[in-house]
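Asks: here is the input, now give the coordinates:
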Amino acid sequence: MTRKDPFLALVLEIAGGFFGFPGMGWVYAGQVMWGLIFMVGYWLLDWAFGLALAIMTLGVWCAVWPAQNLIVGAISGYLAYRWLSRRQG
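Replies: This is a model prediction of the structure:
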């Protein structure tokens, strides 16, 4: 098994989350299935709730949407960082 950098997994997850592709850090960490499930699941929930919130707030939610993506990426990145750090000892 090749060693993977936990910090790179964190950065990939934050950047991927910001651009709407959370799960990239998990894919890098070797958890391909989990990363893809997280990515597709996030897309479905994000668009369903985001669209509803954008309609209910008359578009104001669209200004918050990038911050939401960044927060989700940061939380998931932290979890990927911890998982990879513990796995590699």
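Asks: what does the pLDDT read for F18?
Replies: Predicted confidence (pLDDT) for F18: 92.
Asks: next, it: phi, psi?
Replies: With angles defined as degrees, to the nearest 10, F18 sits at phi -60, psi -40.
Asks: please apply the same query to M56.
Replies: Dihedral angles (degrees, to the nearest 10) for M56: phi -70, psi -30.
Asks: give me the number of residues near it?
Replies: 10 (other C-beta atoms under 10 Å). Just so you know, the C-beta spots here come from the backbone N, C-alpha and C atoms, and that holds for glycine as well.
Asks: could you measure the one residue sitting closest to the centre of the chain against T57, distance?
Replies: Note on the chain: the residue nearest the mean C-alpha position is P22, at 2.7 Å, using C-alpha atoms, centre = their mean. In this view, P22 and T57 are 23 Å apart by C-beta to C-beta, to the nearest Å.
Asks: before we move on, what about M24?
Replies: Counting by C-beta to C-beta - M24 and T57 are separated by 29 Å.
Asks: of those two, who's got more company?
Replies: Just comparing M24 and T57: by other C-beta under 10 Å the higher neighbour count belongs to M24, 24 against 12.
Asks: identify the residues contacting that one.
Replies: L12, E13, A15, G16, G35, M39 (C-beta atoms under 8 Å, 6 or more residues apart in numbering).
Asks: the residue nearest to the centre of the chain contacts A74, correct?
Replies: No: the criterion here is C-beta atoms under 8 Å, and P22 misses it with A74 at 9.9 Å.
Asks: shared neighbours, the two?
Replies: In contact with both P22 and A74: E13, using C-beta under 8 Å, 6+ apart.
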